[in-house]
Every structure is written in structure tokens, then in C-alpha cells.
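Colleague: Would you be able to build a 3D model of this:
(one chain, ligands or ions: 1)
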Amino acid sequence: MEEQNVILGRNPVIEAIKSGKEIEKIYVSKTAGGNISKIINLAKEAGIVVSTTDNDILSKLAGSQNHQGVVAVGAVYKYFDVDDLLEYAEQRKEKPFLLILDEITDPHNLGAIIRSAEAFGVHGIIIPKRRAVGVNATVVKTSAGAVEHMRIAKVSNINNTIRGLKERGLWIVGTDVNAGKSFEELDYDFPLAIVIGSEGKGVSKLVLQNCDFVVKIPMKGKINSLNASVAASILIYQVVSKRKGKA
Ligand SMILES: C[S@@+](CC[C@H](N)C(=O)[O-])C[C@H]1O[C@@H](n2cnc3c(N)ncnc32)[C@H](O)[C@@H]1O
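Modeller: Residues are numbered from 1 along each chain as shown. Predicted structure coming up:
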């Protein structure tokens with residue numbers, strides 16, 4: 001785990017963005033002028049959230065040190081590469097078992113998924129760089145500390161990552177409320193990644209097309225879907241129980 005840190009001042013923040021440092025958010029003063037628009041543009045290009053705010057908030061974040069109207073709040077988590085996730089499975093002499101989260105935006109869902117994944121021995125979680133929540137303070141808290149033991153990789157393009165995983169021998173199991181196949185029909189005794197979709201629109205069409213299997217958890221009630229973290233937990237448990245006792 002990396003400590004959450006703050007970077008103060010214009011040049012340090014510019015250098016931090018350029019070096020690709022994990023930055024969660026950049027705060028800029030409402031009244032800042034000069035090269036502030038350059039910082040905002042650089043941040044946007046790097047996909048970093050920028051918040052325009054009052055000087056009081058900046059001073060609080062900066063602990064009364066000089067911030068020149070800009071404070072970057074560093075990441076709370078150091079991400080892994082997809083290769084690290086697969087190597088971890090290899091070290092454990094287990095068939096890879098990964099989760100791919102397709103644009104989960106609620107930090108409580110991400111935290112809960114990490115917690116279940118850690119509890120049941122998932123080797124790693126893949127999340128997209130854009131349009132999804134990353135590991136922030138709420139996620140850390142909701143995961144009840146499980147995030148410290150979970151390898152999470154951030155990728156630019158989920159579909160390219162899926163292609164790469166298939167080349168490495170993984171089977172991709174998508175989940176969708178309207179799938180024709182029940183999740184109980186697979187034996188999960190193969191290297192795999194399970195795809196869980198976003199709260200609003202589910203797994204995207206293209207990702208579903210790239211899956212080897214698409215399964216549903218049959219439901220009896222009137223509500224048409226489960227919470228993403230609940231669905232993830234049911235699937236994770238199914239994989240673990242089906243693999244039990246198998247090498
Ligand atoms: C809240 S649901 C998304 C609902 C979305 N409106 C849809 O129609 O797909 C979030 C994710 O949880 C998983 N999920 C929820 N209920 C499920 C079910 N009954 N079967 C399979 N997956 C489910 C899927 O990955 C889904 O994309």
C-alpha cells in the first residue's frame with residue numbers, strides 16, 4: 001500500500017502528472033490564474049479528476065504550507081500489472097481466477113467485491129482506467145482492509161485485456177441477467193476471468209461478445225437484477241466450491 005500523499009504547488013503537480021504518478025484528484029483554487037489552465041488540461045488528458053474549489057479547502061489539504069492554488073492528492077493504492085496477477089496464480093500453483101469489473105462506479109460496490117474476492121482467494125481484479133471508480137479512501141474502508149491483500153490492475157481497454165488473457169489460456173465468463181445459461185452449468189475447473197458489469201448498464205455489448213460464456217444467476221423475485229457486489233460474491237463462491245478438491 002502507498003500512503004495517501006499530497007503534492008503542493010504548480011511545478012511539482014505538473015511534474016507528477018507528466019511522470020504518470022497515481023493521482024486521485026487535483027484541487028485548484030477558484031481564483032488561481034497564470035498557468036492553471038495548463039495544469040487542468042494536462043490533468044484531463046491523464047484522466048485525473050479536477051475540482052475547482054475555495055482557498056480554505058486548499059489550505060486545509062496543504063496543512064497551511066504554500067500551495068500556489070494547486071494541490072494534488074496522491075493515490076492510496078499502488079496498482080499491479082495484469083502479468084503480476086497471473087504470476088501470483090502460478091506461484092500458488094492454482095488455475096488463474098480473476099475478476100474483470102466493467103465500469104463499476106460505486107466505491108462501496110468495489111470495496112465489497114474486493115472483500116469477497118480476498119476472502120475466497122481470487123488472484124486479482126482488473127478495472128478500467130476510465131469511467132470507473134479506482135481504489136480511493138471509501139473503497140479501502142469498505143473492503144475492511146482486504147485491498148491490502150488484493151492485486152488490482154488498471155487497464156486502458158478491457159477488450160484488449162480480454163484478448164490478451166485468452167492468449168494466455170484464460171476463459172472469459174461474462175455475467176448478464178438475460179443470459180441463456182445458468183451459472184450452475186459450468187464446472188469452472190479451468191483458468192478463468194469472470195466479468196461483472198456496471199451498476200447501470202451491466203456488461204457492455206462488445207465485452208459480452210468477447211466472452212467465451214455468458215451466465216446468469218436465475219432469480220425468482222420481481223427485481224430484475226442483483227447488486228453487482230452480491231452477484232460477484234455468488235459467482236466467486238460458485239467457482240471456489242466447484243474447484244474444491246481439484247488440483
Ligand atoms: C446491477 S447489475 C446491472 C443491471 C443492468 N441494468 C443490466 O440489465 O444488466 C450489475 C452487474 O451485476 C451482475 N448481475 C446482477 N444480477 C445478475 C444476475 N441475476 N445474473 C447474472 N449477473 C448478474 C452483472 O454482472 C451485472 O452487469
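
Colleague: Can you list the neighbours in contact with the longest helix along the chain?
Modeller: Using DSSP state H to assign secondary structure, the helix with the most residues in the chain is helix 228-243. Contact with helix 228-243 is made by 95, 97, 99, 101, 104, 106, 108-110, 112-113, 116-117, 120-122, 173, 175, 183-184, 186-189, 192, 194, 196-199, 215, 217, 225-226, as judged by CB atoms under 8 Å, 6 or more residues apart in numbering. Every residue, glycine included, has its C-beta placed from N, CA and C.

Colleague: C-terminal to the host helix or strand of residue 114, what's the next element?
Modeller: For residue 114, the host element (DSSP states H and E) is helix 107-119. Toward the C-terminal end, the helix or strand that comes next after helix 107-119 (DSSP H and E) is strand 124-128.

Colleague: Give the other helices and strands that that next one contacts.
Modeller: Contact analysis of strand 124-128 by 3 or more CB pairs under 8 Å, 6 or more residues apart in numbering; DSSP states H and E lists helix 82-91, strand 97-102, helix 107-119, strand 152-155, helix 158-167 as its packing neighbours.

Colleague: can you tell me how far residue 229 sits from residue 109?
Modeller: Going from residue 229 to residue 109 by CB to CB, to the nearest Å gives 5 Å.

Colleague: For residue 18, which of the helices and strands packed on strand 124-128 is the nearest?
Modeller: strand 152-155 (18.3 Å; CB to CB).

Colleague: which other residues reach the closest one?
Modeller: Taking CB under 8 Å, 6+ apart as the rule, strand 152-155 contacts 77, 79-82, 84-85, 114, 124-129, 134-135, 161.

Colleague: Using neighbour counts, give me the buried entries of those.
Modeller: 77, 79-80, 82, 85, 114, 124-128, 134-135, 161 (16 or more other CB atoms under 10 Å).

Colleague: Quick one: neighbours of residue 166, just the number.
Modeller: By other CB atoms under 10 Å, 15 other residues sit near residue 166.

Colleague: Give me the local confidence score for the residue lying closest to it once chain neighbours are set aside.
Modeller: Nearest non-adjacent residue to residue 166, counting by CB to CB, 6 or more residues apart in numbering: residue 172, 6.6 Å away. Looking at residue 172, its pLDDT reads 98.

Colleague: So what does the residue sitting furthest away from the middle of the chain look like in phi/psi?
Modeller: Relative to the centre of the chain, and counting by CA atoms, centre = their mean, the farthest-placed residue is residue 34 at 34.9 Å. Here is the backbone geometry of residue 34 (degrees, to the nearest 10): phi 60, psi -130.

Colleague: One more: residue 214?
Modeller: According to degrees, to the nearest 10, residue 214 has phi -130, psi 130.

Colleague: which ones are touching the residue nearest to the spatial centre of the chain?
Modeller: Nearest residue to the geometric centre of the chain (CA atoms, centre = their mean): residue 127, 3.5 Å. Residues in contact with residue 127 (CB under 8 Å, 6+ apart) are 101, 104, 110, 134, 152-155.

Colleague: What separation do you get for it and residue 33?
Modeller: For residue 127 relative to residue 33 (CB to CB), the value is 36 Å.

Colleague: How about residue 148?
Modeller: For residue 148 relative to residue 33 (CB to CB), the value is 41 Å.
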